[in-house]
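Participant: Have a look at this prediction, sequence included:
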Amino acid sequence: MADLFGDPPSGNNTGKDMPPRPLADRLRPRTLDEVIGQQQVLGQESPLGVMLAAGSLSSIVFWGPPGVGKTTIARLLADATDLHFVQISAIFTGVPDLRKVFDAARHRRANGQGTLLFVDEIHRFNKAQQDGFLPHMEDGTILLVGATTENPSFELNAALLSRAQVLVLERLAPADLDRLAQRAEHDLGRPLPLDPQARRALLEMADGDGRALLNLVEQIMAWKPSAPLGTDQLTQRLMRRAAQYDKGGDGHYNLISALHKSVRGSDPDAALYWFARMLEAGEDPRFLARRLTRMAVEDIGLADPQAQAICMDCWQTYERLGSPEGELALANAVIYLALAPKSNAAYVAYKAARAAAKKTGSLMPPKHILNAPTRLMKDVGYGKNYAYDHDAEDGFSGQDYFPEDMGRTEFYAPVERGFERDLKKRTDYFAKLRRDRQK
C-alpha cells in the first residue's frame with residue numbers, strides 16, 4: 001500500500017466486476033513531484049534531488065515513522081531511473097528468498113536492466129543477512145533502498161551504512177495532511193461531512209501518518225450524515241490513532257530524552273508534557289520514577305540535596321497508591337526537579353575521579369594514613385606522622401591523602417547555585433587552611 005498520495009488516476013475500478021480499490025491505493029502518486037511533504041529529501045537541492053539531476057542514484061536507507069512515504073518514494077525512484085522495482089519485507093523474507101532475488105537481479109543485469117531492491121523493515125534482518133547484501137551492492141547487481149522506523153545507527157551494520165546514505169523522512173505536518181484530505185475529497189467528489197473544528201481533530205487523529213488519515217477519511221465518507229459532524233460526534237465514532245511509541249525502540253528513547261532535557265532546562269510545563277506523553281503511550285511509571293531519580297542525582301545533585309529524597313518519596317507513594325492516583329506523585333517530582341537549582345558538579349567530579357582511578361592503577365595510599373596493627377608494619381612506616389584531625393584547634397590537619405606519586409587533584413568544583421553555594425564556601429575554606437598549613 002502506498003504511503004503518500006497524488007492526483008487520482010481516472011476511474012476507481014480496474015474492471016467492471018472488481019470491488020472499488022482502497023482510497024490509499026487510488027491516490028498513489030505517479031511522479032515524485034506529486035508526493036506530499038518530505039521536501040528536505042525531494043527538493044531540487046536536497047540529497048535525492050541532486051542525485052536524480054546528476055543521473056547517479058546511490059543506495060539509500062529511509063528512516064522515519066509509518067505512513068510518511070518510504071515505500072512510495074522508493075517505487076517512484078525506480079520509475080525515475082528506469083530500474084526494475086522489487087519489493088520485499090524483512091519480516092517475511094529468508095535467506096533462500098534473498099538468493100532468488102539476487103539471482104533474478106543478476107540475470108536482469110546481464111540483459112541490461114538494473115534492479116532497485118526495496119527492503120521494508122530492513123532493521124529486522126540480522127547481521128549475517130545484512131552482510132549478504134554487500135557484494136551485490138558493490139558489484140552493481142542491486143541498488144538497495146531500505147526502509148526502517150528504527151534508528152539505523154543502532155539497528156544496521158556499519159558496513160551496510162557505509163555503502164548507503166541515510167535520509168530522514170518526517171511526520172506529515174497538519175498542512176500536508178490537509179492537502180491529502182483535499183485530494184481524497186476530489187477523488188470522492190464531495191467534501192468531508194465535518195465542521196472546521198472536527199476537520200482539525202481528524203488531522204490530529206492521524207498523528208502525522210498519511211495512510212492512517214486516508215483510512216479514517218474512507219470510514220467517515222461511508223457514514224453520510226444529514227449534517228456536518230462536530231468534534232464530539234467525530235470522537236465518539238472514531239478512535240484516536242495510538243501514538244507512535246515502542247517501549248524498546250527509538251520513540252521510547254526520544255521521549256525520555258525530551259523529558260530529561262526539559263527538566264534540566266528548568267521548564268516544568270514542557271517536562272510535564274513529555275511525562276504525560278509517555279504515560280499516555282503506556283510507559284511503565286516505575287521506569288519514569290527511576291529516571292526522575294537519576295535526574296535528581298545527575299543534574300541537580302548537591303545544589304538541592306532534598307531533590308533525591310523527594311523522588312524516592314514520590315516513587316514510594318506511587319508503589320503504595322498504584323495507577324492512576326500514584327502517577328500524580330511522580331508529576332509532583334517532575335515539577336520539583338524542573339524548578340530546583342541545577343548542578344552537575346558532583347557528576348563531573350565522579351567521572352573525573354573514575355578516570356583518574358583507571359589511569360593511576362594500583363598506587364598505594366600514603367603510608368601516614370595506613371593503619372599499623374603489627375610491629376613490622378610500624379617498622380616500614382605505616383601510620384608514621386599521621387595527624388589526627390580532631391587534635392587540631394580547628395579540626396583540620398591539612399594533610400595530603402592522595403598517593404605520593406599522584407599529587408593532590410581537585411575533582412569537585414561546586415557551583416554558585418542552591419545549596420552548593422554553601423558547599424563552595426566550605427571547599428574554599430578548607431583550601432585556604434590547607435595552603436596555610438603548607439607554608
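Facilitator: Here it is on my side, so go on.

Participant: any idea where the helices of the stretch 51-200 of the chain begin and end?
Facilitator: Residue ranges of the helices in the stretch 51-200 of the chain, as given by DSSP state H, counting those that start in this stretch, are 70-80, 95-110, 127-131, 134-138, 152-155, 158-162, 174-188, 196-206.

Participant: Comparing those, which stretch has the densest surroundings?
Facilitator: helix 70-80 (a mean of 21; mean count of other CB atoms under 10 Å). Where you see a C-beta, it was placed from the backbone N, CA and C, and this is true even at glycine.

Participant: List of residues touching it?
Facilitator: 1-5, 28-32, 35, 38, 41-42, 48, 52, 57, 62, 64, 83-85, 87, 116, 118, 120, 145, 147, 169 (CB atoms under 8 Å, 6 or more residues apart in numbering).

Participant: contacting residues for A198?
Facilitator: Contacts of A198 by CB under 8 Å, 6+ apart are 228-231, 233-234.

Participant: Quick one: list the elements packing against the longest helix seen in the chain.
Facilitator: Assignment by DSSP state H gives helix 420-438 as the longest helix of the chain. Helices and strands in packing contact with helix 420-438 are not found; criterion 3 or more CB pairs under 8 Å, 6 or more residues apart in numbering; DSSP states H and E.

Participant: Going by neighbour count, which residues of it are buried?
Facilitator: 420, 423-424, 433 (16 or more other CB atoms under 10 Å).

Participant: Closest to G395 out of the residues you listed?
Facilitator: Closest to G395 out of the buried residues of helix 420-438 is L433 (9.9 Å), distances taken as CB to CB.

Participant: Wait, that closest one touches E393, no?
Facilitator: No. Using CB atoms under 8 Å, L433 makes no contact with E393, being 10.8 Å away.

Participant: sorry, back to before: just the buried ones among the contacts of A198, please.
Facilitator: Neighbour counting with 16+ other CB under 10 Å marks 229, 231, 233-234 as buried within those.

Participant: Please enumerate the strands of this protein.
Facilitator: Using DSSP state E, the strands found in the chain span residues 60-63, 84-89, 115-120, 143-148, 165-168.

Participant: that older thread, same list (the helices of the stretch 51-200 of the chain) but as a markdown table, adding distance to Y388.
Facilitator: Below are the helices of the stretch 51-200 of the chain laid out as a markdown table (distance: least, CB to CB, whole Å):
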| stretch | distance to Y388 |
| --- | --- |
| helix 70-80 | 72 |
| helix 95-110 | 73 |
| helix 127-131 | 61 |
| helix 134-138 | 69 |
| helix 152-155 | 55 |
| helix 158-162 | 58 |
| helix 174-188 | 72 |
| helix 196-206 | 70 |
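
Participant: export these to a markdown table and tack on mean pLDDT and distance to V380?
Facilitator: Converted to a markdown table, the helices of the stretch 51-200 of the chain look like this (pLDDT from 0 to 100; distance: least, CB to CB, whole Å):
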| stretch | mean pLDDT | distance to V380 |
| --- | --- | --- |
| helix 70-80 | 93 | 72 |
| helix 95-110 | 93 | 67 |
| helix 127-131 | 89 | 56 |
| helix 134-138 | 93 | 63 |
| helix 152-155 | 85 | 54 |
| helix 158-162 | 91 | 54 |
| helix 174-188 | 93 | 78 |
| helix 196-206 | 90 | 77 |
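
Participant: Select, out of those helices, the one closest to D389.
Facilitator: Nearest to D389, of all the helices of the stretch 51-200 of the chain, is helix 152-155, at 50.8 Å by CB to CB.

Participant: which residues make contact with that closest one from outside it?
Facilitator: Residues from elsewhere that reach helix 152-155 (CB under 8 Å, 6+ apart): 61, 63, 123, 148, 161, 166, 250.

Participant: pLDDT at N385, what is it?
Facilitator: We note a pLDDT of 88 for N385 in this prediction.

Participant: Likewise for R434?
Facilitator: pLDDT recorded at R434 is 87.

Participant: Find the nearest non-adjacent residue to it, please.
Facilitator: Excluding the flanking residues, the one nearest R434 by CB to CB, 6 or more residues apart in numbering is G398, at 4.6 Å.

Participant: so how many other residues sit close to the one you found?
Facilitator: As a burial measure, G398 scores 16 neighbours (other CB atoms under 10 Å).

Participant: Report the contact partners of it.
Facilitator: Contacts of G398 (CB under 8 Å, 6+ apart): 387, 433-434, 436-438.

Participant: Now for the residue lying closest to R199 once chain neighbours are set aside: which residues touch it?
Facilitator: Distance criterion CB to CB, 6+ apart; nearest residue to R199, sequence neighbours excluded, is L192 at 6.4 Å. Neighbour list for L192: 181, 184-185, 199, 202, 217, 220-221 [criterion: CB under 8 Å, 6+ apart].

Participant: what's the most distant pair in the residues you listed?
Facilitator: Longest distance between any two of those is 13.1 Å, between R199 and M221; criterion CB to CB.

Participant: What about the protein, which residue is the most distant from its middle?
Facilitator: R375 (61.7 Å; CA atoms, centre = their mean).

Participant: gap between it and Y388?
Facilitator: 21 Å (CB to CB, to the nearest Å).

Participant: so how far is D97 from S89?
Facilitator: Per CB to CB, S89 is found 10 Å from D97.

Participant: out of the buried residues of helix 420-438, which one sits closest to V380?
Facilitator: Nearest to V380, judged by CB to CB, of these is L433 at 30.4 Å.

Participant: For the closest residue to that closest one other than its chain neighbours, give me its contacts.
Facilitator: Counting by CB to CB, 6+ apart, F396 is the residue found nearest to L433 once chain neighbours are left out, at 5.2 Å. Residues in contact with F396, defined by CB under 8 Å, 6+ apart, are 389, 430, 433.

Participant: Nearest to P305 among the residues you listed?
Facilitator: Among those, F430 lies closest to P305 (CB to CB), at 19.0 Å.
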